[in-house]
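>>> Provided below for reference: sequence and predicted model.
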Amino acid sequence: MSSDVIAIDGPAASGKSTVARNLSEALGIPCINTGSLYRAVAWKLLRIGLNPESVTEEEVGRILADTRIAYEKPAPGAPPDIRIDGIFPGQELRGAEIASGASKVATMPNVRAWLLDLQRNMAKRGRIVMEGRDIGTAVFPDARFKFFLTASPMVRARRRLAQSGETFDGATLESVARDIAARDEQDSRRSVAPLKRADDAVLVDNSEWESDQTLQFILDQIREKENMEKKETVLAYRVPYADTDQMGVVYYANYLKYFEMFRSEMLIDAGLSYLQMEKEGIALPVIEAVCRYKSSARFEDRLTITGRVAEAKGVRVKIECEVRCGERLLADGYTVHACMDMKNNRPTRVPPALLKLLK
Ligand code: DC
């Protein structure tokens, strides 16, 4: 089972918070801005007179042992907000000094480990939108939906400058662009959970979009995936005489043929077609096949073959299959495929259309 999390990752000022908030409203589910948790740590350090830029990891560890951060309602009926040791810092967390301190403490492995548990506990009560830098890669690598937002550096600088209180006094477009680039660098280069797109995250470049277009795109993607998950491919097949052996049962090697028939059907159901993929220069040769035989089938038995894309990572795809006669399981197993670029005869990344089939 995957985690019922909608992960929204991306660099600073890429529009994550806005779209996460809008999504949570549209779907009526909670939203956690995990950047605020790192900001909360920086806020606490500054409050007790420590500079996040120079404090040691050990010192931060000692302070966290005595710190309580939670999402709670500041007043009855109000949306939940960050509470640190009983205080709601509200807008204080949005300042530029806190932002750069947050980026610094976010490089510390013990801070990340401490916040990891907190974030995972927050998702235990049902579907949630979680926004940050490493939600789809480290916090919930099994999130059901993953989006990686981005926008050009200039667009991001313009957006950040327009958010009052988020930049230093006297900031210009150029200085904000420089600050953002420095934070991107720090967030992407750290050794633990660096900012990077998960292989199975949908890339959303919203440089040219208004926030409602980004929201609509993400909602469409979620609905499409949900519909696809509901629509299970079931291939029905009547065993012909030619498939049976001298013992009168389906010859074992035929099950791999059934797996192949299923894969073809599943791709067509998803609007993909293997024939079309090959025409476009992508082949999926089998590099591993496993079949476990449980029971046998005979001439004229009606078989149903089901399956799913179980894994898709880098250049490999794993497709699981089950063959049944009524309720009786005859065989189950899987094939692993290398994704090949036929023009260069080299492995290539799994195409996004196939990644979408991942369940
Ligand atoms: O999104 P933000 O600007 O509020 O984030 C503040 C900092 O926290 C950012 O520089 C990187 C860090 N962060 C992180 O490392 N991992 C997250 N999941 C969220 C934020």
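Happy to help now that I have it. Just so it is clear, the structure is predicted and the values come from calculations on it, not from any experiment. Residues are numbered from 1 along each chain as shown.
>>> what about the strands in the stretch 101-250 of the chain?
Assigned by DSSP state E, counting those that start in this stretch, the stretch 101-250 of the chain shows strands spanning 128-132, 143-150, 202-205, 235-238.
>>> what's the most buried one of the ones you listed?
strand 128-132 (a mean of 26; mean count of other Cβ atoms under 10 Å). C-beta: built from backbone N, CA, C; applies to glycine.
>>> What strands line up against that strand, and which way round?
Strand pairing for strand 128-132, using DSSP bridges, gives strand 3-9 (parallel), strand 31-33 (parallel).
>>> CA-only coordinates of it in PDB, if you can.
The C-alpha coordinates for strand 128-132 follow below in PDB (Å, rounded to 0.1, in the frame of the first residue of the first chain):
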ATOM      1  CA  ILE A 128      -2.900  14.900   3.000                       C
ATOM      2  CA  VAL A 129      -1.000  17.400   0.900                       C
ATOM      3  CA  MET A 130       2.600  17.800   1.900                       C
ATOM      4  CA  GLU A 131       4.800  20.400   0.500                       C
ATOM      5  CA  GLY A 132       8.600  20.600   0.700                       C
END
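>>> Excluding chain neighbours, what is closest to whichever residue of the stretch 101-250 of the chain sits closest to the ligand?
In the stretch 101-250 of the chain, the residue that lies nearest the ligand is residue 132 (2.4 Å; Cβ to the nearest ligand atom). Of all residues not flanking residue 132 in the chain, residue 34 sits nearest, at 3.6 Å (Cβ to Cβ, 6 or more residues apart in numbering).
>>> from memory that neighbour sits against residue 116, does it?
No. Assessed by Cβ atoms under 8 Å, residue 34 is found out of contact with residue 116, at 10.0 Å.
>>> circling back to that earlier point, how much space is there between the residue nearest to residue 132 and the ligand?
4 Å (Cβ to the nearest ligand atom, to the nearest Å).
>>> residues contacting that residue?
Neighbouring residues of residue 34 by Cβ atoms under 8 Å, 6 or more residues apart in numbering: 115, 119, 130, 131, 132, 133, 135, 139.
>>> farthest pair in those?
Distances among the contacts of residue 34 were taken as Cβ to Cβ; the most separated pair is 115 and 131, at 13.7 Å.
>>> Not counting its own residues, what contacts stretch 156-163?
11-15, 94, 151, 166-167, 171-174, 176-177, 180.
>>> pull the CA atoms of that stretch into CSV?
Taking C-alpha atoms only, stretch 156-163 is exported to CSV below (Å, rounded to 0.1, in the frame of the first residue of the first chain):
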residue,chain,number,x,y,z
ARG,A,156,10.8,32.8,-9.1
ALA,A,157,12.7,35.9,-8.1
ARG,A,158,9.8,38.1,-9.3
ARG,A,159,7.3,36.0,-7.3
ARG,A,160,9.4,36.2,-4.1
LEU,A,161,9.9,39.9,-4.4
ALA,A,162,6.1,40.3,-4.6
GLN,A,163,5.6,38.5,-1.3
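>>> who's the residue most central in space within the chain bridged to?
The centroid of the chain falls nearest to residue 146 when counting by Cα atoms, centre = their mean (2.9 Å). Assessed by DSSP bridges, residue 146 has beta-bridge partners residue 7.
>>> so it touches residue 7, yeah?
Yes. Between residue 146 and residue 7 there is a contact under Cβ under 8 Å: 4.6 Å.
>>> Find residues that contact each of those two.
Residues touching both residue 146 and residue 7 (Cβ under 8 Å, 6+ apart): 135, 136, 198, 201.
>>> Of the residues you listed, which is the most crowded?
Neighbours here mean other Cβ atoms under 10 Å. Within those, the largest count is held by residue 135, at 30 neighbours.
>>> Next, the contact list for the residue nearest to the centre of the chain, please.
Contacts of residue 146 by Cβ under 8 Å, 6+ apart are 7, 9, 135, 136, 198, 200, 201, 202.
>>> Try it again at 7 Å.
When contacts are counted by Cβ atoms under 7 Å, 6 or more residues apart in numbering, residue 146 is found next to 7, 136, 198, 200, 201, 202.
>>> what does residue 255 give?
291, 323, 331.
>>> In three-state terms, how would the first one be classified?
Of the three states, residue 291 takes strand according to DSSP: H, G, I helix; E, B strand; the rest coil.
>>> which parts of this protein sit against the ligand?
For the chain, the contact set with the ligand under Cβ under 6 Å from any ligand atom comprises 12, 34-35, 38-39, 99, 102-103, 106, 132-135, 183, 187.
>>> closest to residue 226 among those?
Closest to residue 226, out of all of the residues of the chain next to the ligand and judged by Cβ to Cβ, is residue 135, at 19.4 Å.
>>> Verify the stated contact: the closest one with residue 9.
Yes. At 5.4 Å, residue 135 and residue 9 qualify as touching, with contact defined as Cβ atoms under 7 Å.
>>> If you count neighbours, what's buried in the helix or strand of the chain with the lowest mean pLDDT?
Across the helices and strands of the chain, the lowest-confidence element by mean pLDDT, DSSP states H and E is helix 352-355, at a mean of 84. For helix 352-355, the buried set under the neighbour-count rule, 16 or more other Cβ atoms under 10 Å, comprises 354, 355.
>>> now stretch 22-33
Applying 16+ other Cβ under 10 Å to stretch 22-33 flags 22, 23, 24, 30, 31, 32, 33 as buried.
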